[in-house]
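Asker: I'd like to go over a predicted model; first the sequence, then the structure.
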Amino acid sequence: MTTLEHLTTYPVQRRYRSPLLLVHGAWHGAWCWEAAQGDLAARGFEVHAISVRGHGGSPAPPGHWRSTILDYVREVRGAIAAVGERPIVVGHSAGGYVLQLLITGVVGPRPPLAGAVLLCSSPVNIGAYFLKRGLRGGPMVNLPALLRREPAAVRQALLRPDVPDAELERHCGRMVAEPPLVTLSSMLLRPRPAACRVPVLVIAAECDAIFDVAIQREMAHAYNARFVVAPGAAHDLMLDPAWPVAAEAIERFARETTGALLAI
C-alpha cells in the first residue's frame, strides 16, 4: 500500500472541536494548502492536508496509469480514519467531487464527518455542466494546454491574471498529470445529494474560470447548503488573495455545526 503524504499543523491554542482535513484537486497536492493550512491553524484549528497517490509528496504506485477516482476515494477515506476524530473535510475542485462521493454513499458507507466544505468543487454532473456551458457559448479554458500545465493556461484557468510570474512558475512546477482513467471514471459516477447526512458549506470564487458561480449556487441548493462567494477570486481559492473570505466562512461553519472549545 502506498504511504501518502499527510501533513499536520497544530494550533498554539485549539479553539475548534473538529479538526480539518484538506483535500486537493486535480494536478495539485498538499503543497497547495501550505499558506491556508498555516492560516487555519492560527485561527485555532488542528489542520491536516494529504496528497493522493502520485501527487505532491505521495509516490505513484506501480501501474499508477490505471488509477481511477475510486483509488482517490479510498485514500481520502483512509485519511479520514487516520485523523481519529470526526473532521470537517474541505475538498477543492476534483477533491470536492471525491468528497461528494463519500458523503452521499455512492462508493460505500458514508464516513463519520462533522461537516463537508465544497470549495470551488466539481459539480454533481460534470459532463452535463461542460456540455451546457459550451452550448450557451460560455468562456472555456484551453484544456489541452492546461493538461500540459502550460503557464499561460494555468494562469487563465486557475489563478488571477496578475499573479507574479515567479509564483506561477513555482505552482506549475509542482503540478502533475492525472491518469486518464481518473477523468473517465469521474464522468461516470454521480454523487446523490439527497443521500447526504452531514452539514455542507459551498464556497464559490466569483471569477472561477472552471466552475462558475451559477453551478456552485445550484450545487448549494442541491445539498441544502450554506453558500458563500469570494469576491474577485480565481479557481485556486486557497492560493488567492481572497482566501480569508473562505477561511472566515469555514470558521463560521465550524462554530455553527460543531461549536467552539473556547469563546471566540
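Answerer: Thanks, I have the structure now.
Asker: When you work out contacts or count neighbours from here on, use the C-alpha atoms and nothing else.
Answerer: Fine.
Asker: after the helix or strand harbouring A166, next one along is what?
Answerer: Under the criterion of DSSP states H and E, A166 resides in helix 165-174. Moving toward the C-terminus from helix 165-174, the next helix or strand (DSSP H and E) is helix 180-188.
Asker: Could you pull out the buried residues of that next one?
Answerer: Neighbour counts using 16 or more other C-alpha atoms under 10 Å place 181-182, 186 of helix 180-188 among the buried residues.
Asker: Remind me what it packs against, helices and strands.
Answerer: Applying 3 or more C-alpha pairs under 8 Å, 6 or more residues apart in numbering; DSSP states H and E, one finds that helix 180-188 makes contact with helix 69-83, helix 126-135.
Asker: Take these and lay them out in JSON lines including mean pLDDT, distance to E34 and mean neighbour count.
Answerer: Shown next, in JSON lines, are those (pLDDT from 0 to 100; distance: least, C-alpha to C-alpha, whole Å; neighbours: other C-alpha atoms under 10 Å):
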{"stretch": "helix 69-83", "mean pLDDT": "97", "distance to E34": "18", "mean neighbour count": "18"}
{"stretch": "helix 126-135", "mean pLDDT": "72", "distance to E34": "28", "mean neighbour count": "13"}
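Asker: got a markdown table for the ones you listed, with distance to A225 too?
Answerer: Formatted as a markdown table, these follow (distance: least, C-alpha to C-alpha, whole Å):
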| stretch | distance to A225 |
| --- | --- |
| helix 69-83 | 21 |
| helix 126-135 | 19 |
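Asker: Which stretches in this structure count as strands?
Answerer: Under the criterion DSSP state E, strands of the chain are mapped to 5-9, 20-23, 47-51, 88-92, 115-119, 200-205, 226-230.
Asker: Quick one: mean pLDDT for the last one?
Answerer: The predicted model assigns strand 226-230 a mean pLDDT of 98.
Asker: try the shortest one
Answerer: When pLDDT is averaged over strand 20-23, the result is 98.
Asker: what lines up beside it in the sheet?
Answerer: strand 47-51 (parallel), strand 88-92 (parallel) (DSSP bridges).
Asker: Buried residues, that strand. List them.
Answerer: Under the neighbour-count criterion of 16+ other C-alpha under 10 Å, strand 20-23 has 20-23 buried.
Asker: Figure out which of the helices and strands packed on helix 180-188 is closest to G115.
Answerer: helix 69-83 (12.0 Å; C-alpha to C-alpha).
Asker: Show me what that closest one is packed up against.
Answerer: Using 3+ C-alpha pairs under 8 Å, 6+ apart, helix 69-83 sits against strand 20-23, helix 94-103, helix 180-188.
Asker: starting at the chain centroid, how far to the first one?
Answerer: Relative to the chain's own centre, strand 20-23 is displaced by 8 Å; criterion: C-alpha atoms, centre = their mean, to the nearest Å.
Asker: Output it in PDB with nothing but the alpha carbons.
Answerer: Output of strand 20-23 as PDB, limited to C-alpha atoms (Å, rounded to 0.1, in the frame of the first residue of the first chain):
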ATOM      1  CA  LEU A  20     -10.000  20.000   9.400                       C
ATOM      2  CA  LEU A  21      -8.800  17.700   6.600                       C
ATOM      3  CA  LEU A  22      -7.900  19.400   3.300                       C
ATOM      4  CA  VAL A  23      -8.200  17.500   0.100                       C
END
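Asker: For the stretch 51-200 of the chain, give me the ranges with low pLDDT.
Answerer: Residue ranges of the stretch 51-200 of the chain with pLDDT under 70: 134-140.
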